[in-house]
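**Student:** Got a sequence here, can you build the structure:
(chains A and B)
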Amino acid sequence: MNRGYDESRTSRRLAWLWLVAGIAIVVCFARERATGANEILIALLAALAVFAELLPVELPRRGVRITFALPFVAAVAVFAGGFAALCIDFLATTFVSILTIRSLPRSTEGKWIAANGAISASSAGLAALALGLVRASGVPTEALVIFFIACYAVVNLTMVVYVEWVLTSRWWSANAMAMVGTAASGFFLYSLVGLLVAVMMHEKLYFAVPLVLVPVWALRTGLGYRARMDEVYYETISALSQMLQRAHPYTHGHLERVSRTAEEVAHRLGLSPKRARLVREAAVLHDIGKIAVNEEVLDKPGKLTPEELTHVRLHAVFGAEILAPVPTFSAIVPWIRHHHERPDGTGYPDSLQNHQIPIESKIIAVVDAYDAMIGDADGGRSYRQPLSEADALDELDRCAGSQFDHAVVRAFRETVSRGKR
Amino acid sequence: MSTFSVAVLAVGGVSTLALLLYVKLLLPSKLEQRSLESMRAFSKAIELRFPSHSGLTEEVLRLACLVADSLSLPRADRHELEMAIYLRDVGLCAIPYKLVNGISPLKWTDAQQATYDRHAEVGGAMLESVPSLTHLADAVRYHHMRHDDYPKLVNGDEFSPPLLSEIINACAAYVWLAGHYGAAAARAKVEGGAGTDFDPAVATALLGVITSSRAEEPLRPAVV
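**Tutor:** Model (predicted):
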C-alpha cells in the first residue's frame, strides 16, 4: 500500500545526488569558460539559488507561488556566463519540483517536472542569449543583471500562460489584470534583490550575498500573514453562513447559485473584478440577519400577520448590524441593509428612492428573487409552485422599474441566457 | 566603493530593516486584531437573536481578561480566550427562538434546559468545521461543563480540562447569576462552587477580581 509513498521518497532522495552532481558539473564547466570567476563563488550562488527556490512565497488567493532563485541565477549569468546560469536554474527548478511532488496525483508527476524543467531551461537559456547580445556594449553589470531578469520574466510568463492554456484551456484574458499586476510586482522585487546581489558581487562583498535572503524571508513571512488574514475573512463568511444554515436551513445550493450569478451580473454591469467579488461575498451573507428572526415565523406556510411581517423584515437591518462590528465588511454592510429596497420607493427598511439604492443591493435583489421563484429556495416553506425559468424571467421583466432595477434585470437576463448556451 | 553601490546597499539595508519590523512587530498584532474583530459578528448575531444576552459578552470578556491577568496567562492564550468568549454561544443559533425569548430560564423544564444546554456541543461542532477556528472547539464545547464533570468525559484516558473553558464557565456563570440574583448571591455561588462547579484556581482569581473591581464598575443586571 505504501509503495507510492516509498517511490516518491526514493526519487526525492535521489534528487539530492543529481543536485550535487549537477552543481559540480556546472562549477567545473564555468571555471573553464569564465575568466575571473571564482568557483567557490559560483557554488555559493548556486546554493543560494537552490535555497531560495525551496522558500516559495505564496501570493494570497492567486495560487501563485514565486521563488527568489532568479536574482541569484541572474548574478551567475552575469558573473560566470549564461550556460552556468541555465544549468543552475534548470537543476534548482527540477530538484525542487521533485521534492514538492507530494501534493500531485501520481499520473501527472512526470509531466509537472518536465514542464517546469522545460520552462526554466527555456527562460534561462533565452535570457542568457539576449544577455550575450548586449554584454559587449559596455553596460554596467548591475544593469545587465536587471536586463537578464526582465528577459527571463518575459519568457517565463509567456510559457506559464501557455501551459495554463494547454492544461485548462483557460486563456489569460480571464485574469489578465491580476496576471499583469502580479508579474509587475514580482519583477520589481526580483530587480531590487538582483540589484543588491549585483552590487555586492561588483564590490566583492561576497560574504554579504547570503544576507539577501533575509528580506526574502521577511517577505515570505509577511505574505503568509496576509494569507492568514484572508483566511480569517473567508472563514468568517463561511462560518456565519453556517450559523444561518443551522438557525434556518436553506435548500442546499441556493446561496452558492445566488452568489455565483450575482458576481457574473456585477461583471456584466461593468463593476470592477474586485467589486464583483465583494458582491459575491455580500450575496452569501445577504440573509445573515435571519439568524435573529424567529424561525417559526420564517417557516410559517401561508400569509403572515402584519406583526409577523414587520418581524421578518427586520432581517435586513439585523444583517447590517451583525456585520457592522467587523471593519473588513464595512463596504458590504449598506448593500445588505438595502437588499429589499425598491426603485419605486416602497421597499424596506429605509424606503430609499431609486438613485439612493446601491447597485450591489439591486443585483442581490434580482438574483435572489429569481432563484426563489424557480426553486424552493426556502426549504419548501412557500405554498406556491416553482415557476419555469421563462416565467420567472417574465416576472422579473414585469416588476422591472417598480420592484427591480431595469438595467440589472437586463444584465441578469443576458447572464442567464449566456449560461445556457 | 562607488556612490551608487553605497546608495543601493543603504536602501537595501534600510528597507530590509523596515520590512523586518513590519513583519515581526506589526503584522502579528494586526492579525490578532482582525481575528477578534471578525469574531464580534458572531456574538452580535446571538445578541440580536436573543436580546436577553445582549451586553453579556462584553461583561464576561471584561471579567475574563482580569482573571487571565491574575492567572498570568501567556499572551497567546489570552488572545484565544478572547476569541473563545466571542464564539462561545454560536451554537445558540440552533436553539429554538421561542425557548429563549418566550420563557424565562428560571421557569424552564428539565427538557427545555437540556435543549438549551445543547448549544455548547453544537458550537463546538461548528468550530470544528472551520479550519482556522478548530483549536477553539474544545474551549467552546466545554464552556458550561462543571469542573468535577471532566473526569466523566474520558474512558481511562488523561483529560485535562481546557483552562480557557474553565475561565469562561466561571465568568459566564457569575455574570448570569449576578444578573438574575444580584452580585452578592453570585459571589456566594462562586465561593461555594470552587472545586465542584468551578476550577479552584479560577474561582479564587475570579473572587479576587470581583472584590477589587465591583466598586468601580458595577455589574449591569440583565433584563429577563
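
**Student:** Output the contacting helices and strands for the helix or strand A:Leu144 falls within.
**Tutor:** Assigned by DSSP states H and E, A:Leu144 belongs to helix A:141-168. Where contact means 3 or more C-beta pairs under 8 Å, 6 or more residues apart in numbering or on different chains; DSSP states H and E, helix A:141-168 is packed against helix A:70-80, helix A:106-135, helix A:176-202. (C-beta placed from N, C-alpha, C; glycine too.)

**Student:** Just send the ones you listed back as a markdown table, with distance to chain B and mean neighbour count too.
**Tutor:** Shown next, in a markdown table, are the helices and strands packed on helix A:141-168 (distance: least, C-beta to the nearest C-beta, whole Å; neighbours: other C-beta atoms under 10 Å in any protein chain shown):
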| stretch | distance to chain B | mean neighbour count |
| --- | --- | --- |
| helix A:70-80 | 12 | 30 |
| helix A:106-135 | 19 | 17 |
| helix A:176-202 | 5 | 19 |
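
**Student:** Look through the stretch 1-150 of chain A and state the residue closest to chain B.
**Tutor:** Minimum separation of the stretch 1-150 of chain A from chain B (C-beta to the nearest C-beta) falls at A:Glu142, amounting to 7.6 Å.

**Student:** Buried residues, stretch B:24-40. List them.
**Tutor:** Within stretch B:24-40, the residues scored as buried using 16 or more other C-beta atoms under 10 Å in any protein chain shown are B:27, B:31-32, B:34-40.

**Student:** Give me the contact list for it.
**Tutor:** For stretch B:24-40, the external contacting residues (C-beta atoms under 8 Å, 6 or more residues apart in numbering or on different chains) are A:218, A:221-222, A:225, A:228-229, A:232-233, A:236, A:325-328, B:79, B:82-83, B:86-87, B:132.

**Student:** Got a quick ChimeraX command for the buried subset of those residues?
**Tutor:** Buried residues among the contacts of stretch B:24-40 (16+ other C-beta under 10 Å), as a ChimeraX selection:
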select /A:218,221,222,225,228,229,232,233,236,325,326,328 /B:79,82,83,86,87,132
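
**Student:** Please flag which of the contacts of stretch B:24-40 sit within helices.
**Tutor:** A:218, A:221-222, A:225, A:228-229, A:232-233, A:236, B:79, B:82-83, B:86-87 (DSSP state H).

**Student:** out of those, which one sits closest to A:Lys290?
**Tutor:** Using C-beta to C-beta, A:Thr236 comes nearest to A:Lys290 of the ones in helices among the contacts of stretch B:24-40, at 17.3 Å.

**Student:** now that closest one, nearest residue through space, not along the chain?
**Tutor:** Distance criterion C-beta to C-beta, 6 or more residues apart in numbering or on different chains; nearest residue to A:Thr236, sequence neighbours excluded, is B:Ser38 at 4.2 Å.

**Student:** how far out from the middle of the chain is the helix or strand containing that neighbour?
**Tutor:** Using DSSP H and E, the element containing B:Ser38 is helix B:27-49. Chain-centre distance of helix B:27-49: 12 Å, with C-alpha atoms, centre = their mean, to the nearest Å.

**Student:** Give me the contacts around the very next helix or strand once past it.
**Tutor:** Beyond helix B:27-49 on the C-terminal side, the first helix or strand identified by DSSP H and E is helix B:56-70. For helix B:56-70, the external contacting residues (C-beta under 8 Å, 6+ apart) are B:43, B:47, B:77-78, B:81-82, B:85-86, B:89, B:167-168, B:170-172, B:174-176, B:179, B:202, B:205-206, B:208-210, B:213, B:217, B:219-220, B:222.

**Student:** among those residues, which are in helices?
**Tutor:** Checking those against DSSP H, those in helices are B:43, B:47, B:77-78, B:81-82, B:85-86, B:167-168, B:170-172, B:174-176, B:179, B:202, B:205-206, B:208-210, B:213.

**Student:** Would you agree A:Tyr370 is in contact with A:Cys399?
**Tutor:** No: A:Tyr370 lies out of contact with A:Cys399 (C-beta atoms under 8 Å); the separation is 10.8 Å.

**Student:** Of the two, which one has the most company?
**Tutor:** A count of neighbours by other C-beta atoms under 10 Å in any protein chain shown puts A:Tyr370 above the other of A:Tyr370 and A:Cys399, at 25 against 16.

**Student:** what's the following helix or strand after the helix or strand harbouring that one?
**Tutor:** Taking DSSP H and E as the definition, A:Tyr370 sits inside helix A:359-374. Where DSSP H and E defines the elements, the next helix or strand beyond helix A:359-374 is helix A:389-399.

**Student:** And that next one, what does it pack against?
**Tutor:** Packing partners of helix A:389-399 (3+ C-beta pairs under 8 Å, 6+ apart): helix A:359-374, helix A:406-420.

**Student:** For the shortest one, give the mean pLDDT please.
**Tutor:** To tie it back to what came earlier, the one meant is helix A:406-420. Mean pLDDT, computed over helix A:406-420, is 87.

**Student:** got it, and the longest one?
**Tutor:** Averaging the model's pLDDT scores along helix A:359-374 yields 93.

**Student:** Alpha carbons of it, as CSV, please.
**Tutor:** Taking C-alpha atoms only, helix A:359-374 is exported to CSV below (Å, rounded to 0.1, in the frame of the first residue of the first chain):
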residue,chain,number,x,y,z
ILE,A,359,-26.4,48.9,-7.4
GLU,A,360,-25.0,46.0,-5.5
SER,A,361,-28.2,45.7,-3.4
LYS,A,362,-30.2,45.8,-6.6
ILE,A,363,-28.2,42.9,-8.1
ILE,A,364,-28.7,40.8,-5.0
ALA,A,365,-32.4,41.6,-5.0
VAL,A,366,-32.9,40.4,-8.6
VAL,A,367,-30.7,37.2,-8.4
ASP,A,368,-32.2,36.2,-5.0
ALA,A,369,-35.8,36.7,-6.2
TYR,A,370,-35.2,34.7,-9.4
ASP,A,371,-33.6,31.8,-7.6
ALA,A,372,-36.6,31.9,-5.1
MET,A,373,-39.1,31.8,-7.9
ILE,A,374,-37.6,28.9,-9.9
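
**Student:** tell me which helix or strand of chain B sits lowest on mean pLDDT?
**Tutor:** helix B:150-153 (a mean of 64; mean pLDDT, DSSP states H and E).

**Student:** Can you give me the pLDDT of the residue nearest in space to the middle of chain B?
**Tutor:** Central residue of chain B (C-alpha atoms, centre = their mean): B:Ile85, 2.1 Å from the mean position. On pLDDT, B:Ile85 comes in at 95.
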